[in-house]
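Student: model this:
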Amino acid sequence: MIELGDGAVWAEDSGGDGPPLVLLHPGVGDSRIWDGLWPELAAQHRLVRFDVRGYGRSPEPVAGYSNLADLHAVLDRFGLDRVHLVGCSMGGGTSLGFALRHPGRVASLTLLCPGVGGYPWPDEPESDAEYDRLVAAGDLAGLTAFGLREWAAAGADPQATAQLRSAARAWPGEDVHQRPDPPVFDRLGELSGLPAVVLIGDLDRPPAIDCAERTAERLGCELVRLPGVDHLPPLRAPDAVLAAIRKVTVRGRR
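Tutor: Prediction:
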């Protein structure tokens, strides 16, 4: 557990002397989404992952916090000066924000269905109203079902259900305490020289697919399309995710 002054996050460090690689989970799951990839990646990298406040094994937030500031604190706690970042959804947005704020500390970016701050996501009043009703009622089962319907089009298997249930527990506290990090969508061109890859599933939501396509275009990087995959690529297509990470991290070492 890493104390952050006004809160704490659970984090894991594999140790070792391989190139450091940091895994950032989505807002529809927690750091256990990386369990299936951990052994393969740990054979080549020093791995770090952590649960955002309120998710997984991290305590619920009690004060305002920033995902970008918490990532910075975790890297400093483990003495990591320059890292490869792998971010899924919310974690992809944090990765991009960190790369823009601290370009010398990022060796490469692997972005899985990234949630990019500043992207013009369309208004969804009916969905927002349903979510608000479920939160107000404290309906964890309803929130989990809502998340599965929206983000797990490839199926509500036990792994996906566990991820969305964990996320649903975190969302109410996140709504109250999380401070939005600065938008980055209009600044992505500043990262065009950084080794990067974007992955997106064809079963993801249409705005997420559009965001990934436009992000890859602005970064000037490869876009990998994943057939039969929704918003949970580490669960649905682990081999494709591993291949993308390996390819881009080799470029990032040059």
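Student: the residue lying closest to residue 86 once chain neighbours are set aside: how many residues sit nearby?
Tutor: Leaving aside its sequence neighbours, residue 86 sits nearest to residue 110 (CB to CB, 6 or more residues apart in numbering; 4.3 Å). In this view, the C-beta of every residue, glycine as well, is placed from N, C-alpha and C. The criterion is other CB atoms under 10 Å. On that basis, residue 110 has 28 neighbouring residues.
Student: on the three-state scheme, residue 110 is what?
Tutor: strand (DSSP: H, G, I helix; E, B strand; the rest coil).
Student: and it, bridged to which residues?
Tutor: Under DSSP bridges, the beta-bridge partners of residue 110 are residue 86, residue 197.
Student: pretty sure it sits against residue 246.
Tutor: No - the criterion here is CB atoms under 8 Å, and residue 110 misses it with residue 246 at 9.5 Å.
Student: who are the contact partners of the spatially most central residue of the chain?
Tutor: Centroid-nearest residue in the chain: residue 91, 2.1 Å away (criterion: CA atoms, centre = their mean). Contacts for residue 91 (CB atoms under 8 Å, 6 or more residues apart in numbering) come out as 23, 24, 25, 26, 112.
Student: swap in residue 17?
Tutor: residue 46.
Student: can you count the residues close to the spatially closest residue to residue 233 that is not a sequence neighbour?
Tutor: In space, and not counting its chain neighbours, residue 233 is closest to residue 112: 4.6 Å by CB to CB, 6+ apart. By the criterion of other CB under 10 Å, residue 112 has 32 neighbours.
Student: which residues sit against stretch 234-254?
Tutor: Contacts for stretch 234-254 (CB under 8 Å, 6+ apart): 19, 21, 33-34, 36-37, 40-41, 44-45, 84, 86, 88, 107-110, 112, 154, 159-160, 163, 194-197, 199, 201, 224, 226, 228-230, 233.
Student: so which of those residues are in helices?
Tutor: Among these, DSSP state H puts 40, 41, 159, 160, 163, 233 in helices.
Student: what about the closest residue to the third one other than its chain neighbours, neighbour count?
Tutor: Just to be clear, that refers to residue 159. Leaving aside its chain neighbours, residue 159 sits nearest to residue 235 (5.2 Å; criterion: CB to CB, 6+ apart). Other residues near residue 235 number 24, with proximity taken as other CB under 10 Å.
Student: helix, strand, or coil at residue 235?
Tutor: helix.
Student: and the strands in the stretch 101-250 of the chain?
Tutor: 106-112, 196-201, 222-226 (DSSP state E, counting those that start in this stretch).
Student: now for the spatially closest residue to residue 152 that is not a sequence neighbour, how many residues are close by?
Tutor: Nearest non-adjacent residue to residue 152, counting by CB to CB, 6+ apart: residue 160, 4.5 Å away. Residue 160 has 24 neighbours, counted by other CB under 10 Å.
Student: wait, isn't residue 160 in contact with residue 150?
Tutor: No - using CB under 8 Å, residue 160 makes no contact with residue 150, being 11.9 Å away.
Student: about what we covered before: return the member of the contacts of residue 91 nearest to residue 181.
Tutor: residue 24 (12.5 Å; CB to CB).
Student: remind me which helix or strand the closest residue to the closest one other than its chain neighbours belongs to.
Tutor: Spatial nearest neighbour of residue 24, chain neighbours left out: residue 91 (2.8 Å); criterion: CB to CB, 6+ apart. Under the criterion of DSSP states H and E, residue 91 resides in helix 90-101.
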